[in-house]
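Chemist: here are the coordinates; sequence isn't available:
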C-alpha cells in the first residue's frame, strides 16, 4: 500500500513548527531571558533537524549520496519557497545561491525575524549530520541575516572523518 499524498512542502511544515515555537520562545524569553530562550529554541531545532535528516536518510533508496540529497531538494523549493541559481552540480559538490527565501519572509511576517536563522538557517548544516555525516555544508552568508543571497556549498567526503 502506497501513500498517494505527496509530502508536505517544507515551507508549510516550518510555518506550523514556527507557530508553536513562537509561543515557547516568547514564554521562555519572558521568564528566563532572551539568551536562555534563544538557546532552548536553537537546541530543540538542532535536534529536530538531525532527526529529520536521519528519517529522510532511511527513505533514500540505495542509501544516501549527494545525488539522493539533491533529489529531495524539491521539498525545500516547493511552492517557490526558495529561488536558487545552481553554481555547480557534480558527483561530490552541489553549490548554489538562494536569491529569494520565502522562509525568511515568512519568519519576519510572523514576528520571528530575530530568531529566523535559528528556525531555518541553522537546520541546513545540522540536517547533514542526520542525513549522512559525509555531507558537509559551507555557507558564509544568508538572506535571513541581511545578505543579498545565501551561498550554499555542499560537498560529499569519501568517508565520515574526511573533510569534504
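Modeler: That came through, no problem. None of these values were measured; they are calculated from a predicted model.

Chemist: state the mean pLDDT of stretch 70-84.
Modeler: On average, the pLDDT along stretch 70-84 is 94.

Chemist: actually stretch 105-119, sorry about that
Modeler: pLDDT averaged over stretch 105-119 gives 96.

Chemist: where does residue 164 land on pLDDT?
Modeler: Residue 164 carries a pLDDT value of 53.

Chemist: actually residue 9, not the one I typed
Modeler: On the pLDDT scale, residue 9 gets 89.

Chemist: neighbours of the spatially closest residue to it that is not a sequence neighbour, how many?
Modeler: In this structure, residue 9 finds its nearest non-sequential neighbour in residue 78, 3.8 Å apart by Cβ to Cβ, 6 or more residues apart in numbering. Every C-beta, even on glycine, is put in place using the N, C-alpha and C of the backbone. Neighbour count of residue 78, defined by other Cβ atoms under 10 Å: 16.

Chemist: mind checking the SS state of residue 96?
Modeler: Counting by DSSP: H, G, I helix; E, B strand; the rest coil, the backbone at residue 96 sits in strand.

Chemist: next up, the contacts around it.
Modeler: With contacts defined as Cβ atoms under 8 Å, 6 or more residues apart in numbering, residue 96 is in contact with 84, 85, 86, 87, 152.

Chemist: before we move on, back to that, phi, psi for the residue nearest to residue 9 please.
Modeler: The phi and psi values for residue 78, taken as degrees, to the nearest 10, are phi -50, psi 150.

Chemist: cool, and the one 4 residues further on?
Modeler: Here the main-chain torsion angles of residue 82 (degrees, to the nearest 10) amount to phi -130, psi 140.

Chemist: how much space between it and residue 35?
Modeler: According to Cβ to Cβ, to the nearest Å, residue 82 and residue 35 sit 30 Å apart.

Chemist: hey, where'd the strands end up in the protein?
Modeler: Remark: strands assigned in the chain by DSSP state E are 82-89, 93-101, 135-138, 150-156.
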